[in-house]
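Q: For reference, the sequence and a predicted model appear below.
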Amino acid sequence: MTLARHLANRELREDDEHVHAKTPPGRVYRDPAILDKEFETFFFREWLCVGREEDIPEPGDFFTRSLGGESVLVIRGEDGRARAFYNVCRHRGTRIVEEPEGKKLRSVVCKYHAWTYSTEGALVGAPHTDGLADFDRSKMALYPVRLETWNGFLWMNLDEDAPGLEETFGEFFSRFDRFRLDELRLAKRVVYEVDANWKILIENYSECYHCAPIHPDLNRLTHYMSGENDLFMSRGSTRGRTSGGFMVFSGDYTSMVWSGYTGRPPIKGMTEDDKRRVYYYVLFPNMFFSLHPDYLMIHTIYPVSPSHSRIVCDFFFDPEVMARADFDPRDAVELWDLINRQDWHVCELTQKGSSSRIWRGGRYSDEERGLHDFDKYVLERLDEG
Amino acid sequence: MTLARHLANRELREDDEHVHAKTPPGRVYRDPAILDKEFETFFFREWLCVGREEDIPEPGDFFTRSLGGESVLVIRGEDGRARAFYNVCRHRGTRIVEEPEGKKLRSVVCKYHAWTYSTEGALVGAPHTDGLADFDRSKMALYPVRLETWNGFLWMNLDEDAPGLEETFGEFFSRFDRFRLDELRLAKRVVYEVDANWKILIENYSECYHCAPIHPDLNRLTHYMSGENDLFMSRGSTRGRTSGGFMVFSGDYTSMVWSGYTGRPPIKGMTEDDKRRVYYYVLFPNMFFSLHPDYLMIHTIYPVSPSHSRIVCDFFFDPEVMARADFDPRDAVELWDLINRQDWHVCELTQKGSSSRIWRGGRYSDEERGLHDFDKYVLERLDEG
Amino acid sequence: MTLARHLANRELREDDEHVHAKTPPGRVYRDPAILDKEFETFFFREWLCVGREEDIPEPGDFFTRSLGGESVLVIRGEDGRARAFYNVCRHRGTRIVEEPEGKKLRSVVCKYHAWTYSTEGALVGAPHTDGLADFDRSKMALYPVRLETWNGFLWMNLDEDAPGLEETFGEFFSRFDRFRLDELRLAKRVVYEVDANWKILIENYSECYHCAPIHPDLNRLTHYMSGENDLFMSRGSTRGRTSGGFMVFSGDYTSMVWSGYTGRPPIKGMTEDDKRRVYYYVLFPNMFFSLHPDYLMIHTIYPVSPSHSRIVCDFFFDPEVMARADFDPRDAVELWDLINRQDWHVCELTQKGSSSRIWRGGRYSDEERGLHDFDKYVLERLDEG
């Protein structure tokens, strides 16, 4: 019996599918075996946003990211190119870099026996190995991880055989290439620890049915019925790994800030339509892309256990605006911190309640079609995997 | 091979059974698979005492109870009747009520999308569901849990097909109906967290062989050899789910208080025999009923893990006595707090030691016949289940 | 497929084996099933050093040791002989002794029902058992654990059928019998909690390839290339359970102390050769024996989980030296505390990194031959077990 068949309460035809749609059963949010399968099927095979070019501007600059027991080192080489490696020494398997980030490393040295790698990953020092048989230093470089970039964002993929980043997210990228998002700069990072499954977080981001009850501030500025979705994960000739759309400001509000009126100019490239909207997209499986007229908010999601996730929330602004004496991102950051916490709270309640033995799944409302689309995408891929 | 066969060290005949009785092997107190089976066999199928009518006197008053990953909402409806429900929204499975208790709810509203239920559990509000197919609000009430009452106590049962409360505990109830225990009122609640299996706690309550070594105060007031058991779980034409009996005061002591002499009058209905006794009964699987001449003590037991249990200890008195200016329950509460802690300590030591690989079970003394009866009852039902 | 076959990267001949040797794969350091097998194969079947005769000089003196969920009581009987017992009452399986150590017990009394044992383990009191059938007190002594001694050290073995202590470590003992180590006395104990597998700790102790990078103080006093190994676990007609050798002081240094020059005389029995050396041996599976000219350092290792170990580090000196007014062991203790912590740190990094899914084992250098020997010994025994 497949997981996906839980989503229908009768034989479905695509055109009226959502009016029959059911939520998944609780176990997909709490079974450790399902999370293991999700790591193998998604997180170790898909493109994951892990940071920005600007995080490591100079050769030797680096950061590390942890996911599913793995630590990955992202470092810019002497040749100016950013690369990613498993954070594992080829000698004894020792974790090499402990620091979460750092500047201008000349080489990557294992603390245990001083095996030494270049910033491009090559093994350049390994004492007392000259007498070994079949030991070829050129084959003992740090284990590489694929790293590609789009518009300043760094994406890694642990799967050597996965399609490229552009092939994966091309349709989405083409809509936002015009904004030169690579020129934006990080103004604020907030990290959240949330006791909820990663899919509950994506489902929460994917509907605004909850906005009237729990986000009065958001609902005042952008009414929950104002939106329109234009990308769906499970539809089309290729399954797109992207879903979302936009919401529209009420009245003459100009951005998601406490007052509703931003003092910052729009990001370069905004059309009149863009200035009336907030764009919200999920880039499966770990990025929420939220483009506002005057700033970009990015959530990246890291599953820790079936019932716990780490969320990094970053706010990017135009560096020319950031250079102004009166620049203050708090009107946006603090509003979203409130909204984020309201979301994490109901996500945690859903994690708790849906683990009940009585719970076999419920019924989605008219305003949750995107969630059924997401559930189908995830459960069908798990069933295939 | 059955679990119960561990309890005999040779072929048993009922009449001399206890002189051959062995304790269960250690794994029944530590194996998570056995606790899972105990939840399915006992805690999700038997009547569990969860509180009192007086805890929720008015319509909309409520409390929640947690057991085995489940949260149950107990709430008095507008119609005056107390009911129990799984604490789970029918929409997305969200935990609805977070508060452990509260007063005068007008309706039960899920915090996520504001689906709204009456205090009787009916779904009365679910926005944006009019267009759904096969969606009948009258079939989307909160999942009900059976709730019955005896003498002011509220009992829940997650099993729709279990025999009723009266059928289950009738023989025990008939002995104590005359006391109007429903009129008593709670004076003090103490909650204990104990690192011991729930069965070790029942075994501890079921013998006074340990009273001389560890409870000098108890043994002074009621000698450990003074008791007599008159109900046994595994005997009789029906297996009774109740065991226990009474102990007798030494000398002219009148209650279990520090001095041995209570200044409070006996509970209404006490005979001369009753006034010389403390009654101690286990109502399987989660209630210890301890009736003293002037007060009633109730322990309720909630298994948390194979090696951890939560115990709620409540003290009830006659409200007329409680209304007196000089009413002070501490002479009873503090004595029992000492005795309780002495018990939890040896229970924790037994949990630790019986997990040794060398431990294959020991031998019960003459003073532990009730434990063999309890062990047989539990292990035979697990073997059947 | 065996575990041991991971250690070779081609068909091996013993004479050139180490130049082809590979490290074990990461899972042998993190799989709970492998630790369970290691407990059954090694820790519950081998001789484990647990303390010293001097720890319990008088009848009734005792200490307890915990390992793999077991608690063992080591107590000196009224007859003057030290014995070990499972810390479990024969009545109900209760943990009897809670205290980590104590003096002059007259008898061992279970706190629950006061069953009483002599200091030699015999059951001497068990109330209300006279009526029991087939109950023979003489057969209800505390469960014994084998205990043997060498040179003041107490060793326990949970396996009734294991070869004796002398048979196990005789070759090693014969080399150090001349020192009267039984006369030394404990001056300092340091206990460490380390997030690394027990085998990573033994591997760390078994090579000095890491000494130049991480132990500059040690490497200054005894150069990492100065050593020579003369016992190997997996070689010889009998597999020896012992490995190690010695290192030689640089220049005219006389001991491992901050300055390199000790003010203490050598331990009695030291030859001129001995005075130039530090001896380092692993006594499998839980003791590191490090004999310096003027003191003896003993590490005992207790696995707690696949990724956590407890290490007890003891320093012993000549009691005549300890009696001097100016005796101060800190020059040795503090130096080794620094070195120990440097080691635990890289062991923890190796635990972390080697759990990566990419890690399939690396290549040992010329200076790590003892580790390949140890790995072969452990993995071949696990494969046999």
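A: Great, that's in hand.
Q: C-alpha from now on. contacts and neighbour counts both.
A: Noted.
Q: In the stretch 151-300 of chain A, what residue comes closest to chain C?
A: Nearest to chain C, among the residues of the stretch 151-300 of chain A, is residue A:158, at 9.7 Å (Cα to the nearest Cα).
Q: Ignore what I typed, I meant the stretch 251-385 of chain A.
A: Closest approach between the stretch 251-385 of chain A and chain C, counting by Cα to the nearest Cα: residue A:304, at 15.4 Å.
Q: The residue of the stretch 151-300 of chain A closest to chain C: neighbour count?
A: Residues near residue A:158, counting by other Cα atoms under 10 Å in any protein chain shown, number 21.
Q: ok, now which ones touch it?
A: Shown in contact with residue A:158 (Cα atoms under 8 Å, 6 or more residues apart in numbering or on different chains): A:44, A:45, A:46, A:145, A:146.
Q: from those residues, which ones fall inside helices?
A: Counting by DSSP state H, none of the members of these fall within helices.
Q: hang on, the earlier thing: in this structure the residue of the stretch 251-385 of chain A closest to chain C contacts residue A:70, no?
A: No - using Cα atoms under 8 Å, residue A:304 makes no contact with residue A:70, being 11.2 Å away.
Q: how near is the residue nearest to residue A:267 when sequence neighbours are not counted to residue A:189?
A: Spatial nearest neighbour of residue A:267, excluding adjacent residues (Cα to Cα, 6 or more residues apart in numbering or on different chains): residue A:294 at 5.2 Å. With distances taken as Cα to Cα, to the nearest Å, residue A:294 is found 17 Å from residue A:189.
Q: next helix or strand past the lowest-mean-pLDDT helix or strand in chain A?
A: Least confident helix or strand, chain A: strand A:228-231 with a mean of 89, by mean pLDDT, DSSP states H and E. Once strand A:228-231 ends, the next helix or strand along the chain (criterion: DSSP states H and E) is strand A:242-248.
Q: tell me which strands and helices that next one is in contact with?
A: Applying 3 or more Cα pairs under 8 Å, 6 or more residues apart in numbering or on different chains; DSSP states H and E, one finds that strand A:242-248 contacts strand A:228-231, strand A:277-283.
Q: same thing but at 10 Å, please
A: Counting contacts by 3 or more Cα pairs under 10 Å, 6 or more residues apart in numbering or on different chains; DSSP states H and E, strand A:242-248 packs against helix A:165-176, strand A:228-231, helix A:272-275, strand A:277-283, strand A:287-291, helix A:369-384.
Q: in the stretch 51-200 of chain A, what residue is nearest chain B?
A: Counting by Cα to the nearest Cα, the stretch 51-200 of chain A gets nearest chain B through residue A:200, at 10.2 Å.
Q: looking at this, that residue is in a helix?
A: Yes - per DSSP: H, G, I helix; E, B strand; the rest coil, residue A:200 lies within a helix segment.
Q: Residue A:47 - nearest residue in space that isn't next to it in sequence?
A: Per Cα to Cα, 6+ apart, closest to residue A:47 is residue A:157, 4.8 Å.
Q: ditto for residue A:41
A: residue A:385 (6.4 Å).
Q: The one you found is in contact with residue A:36, isn't it?
A: No - the pair residue A:385 / residue A:36 is not scored as a contact, 11.8 Å apart, by Cα atoms under 10 Å.
Q: if I look at the two, which residues touch both of them?
A: residue A:42 (Cα atoms under 10 Å, 6 or more residues apart in numbering or on different chains).
Q: In the stretch 151-300 of chain A, which residue sits closest to chain B?
A: residue A:210 (4.7 Å).
Q: show me what contacts that residue?
A: Neighbours of residue A:210 in contact, by Cα under 10 Å, 6+ apart: A:204, A:216, A:219, A:224, A:343, A:346, A:367, A:368, B:111, B:112, B:113, B:114.
Q: Equivalent analysis for residue A:378, please.
A: Contacts of residue A:378 (Cα under 10 Å, 6+ apart): A:3-4, A:38, A:41-42, A:199, A:233-234, A:241, A:284-285, A:372, A:384.
Q: quick one, which of residue A:385 and residue A:36 is more surrounded?
A: More crowded of residue A:385 and residue A:36, by other Cα under 10 Å: residue A:36, with 15 against 11.
Q: Let me know the average pLDDT across the one helix or strand that one maps to.
A: Assigned by DSSP H and E, residue A:36 falls within helix A:32-38. The average pLDDT for helix A:32-38 rounds to 97.
Q: Could you do stretch A:104-123 as well?
A: Mean predicted confidence for stretch A:104-123 is 98.
Q: now the end-to-end length of that stretch.
A: So stretch A:104-123: terminal residues 18 Å apart, Cα to Cα.
Q: swap in stretch A:364-373?
A: Start-to-end, stretch A:364-373 (Cα to Cα) is 11 Å.
Q: wait, does that stretch contact chain B?
A: Yes - under the criterion of Cα under 10 Å from any Cα of the partner chain, chain B is reached by stretch A:364-373 at A:364, A:365, A:366, A:367, A:368.
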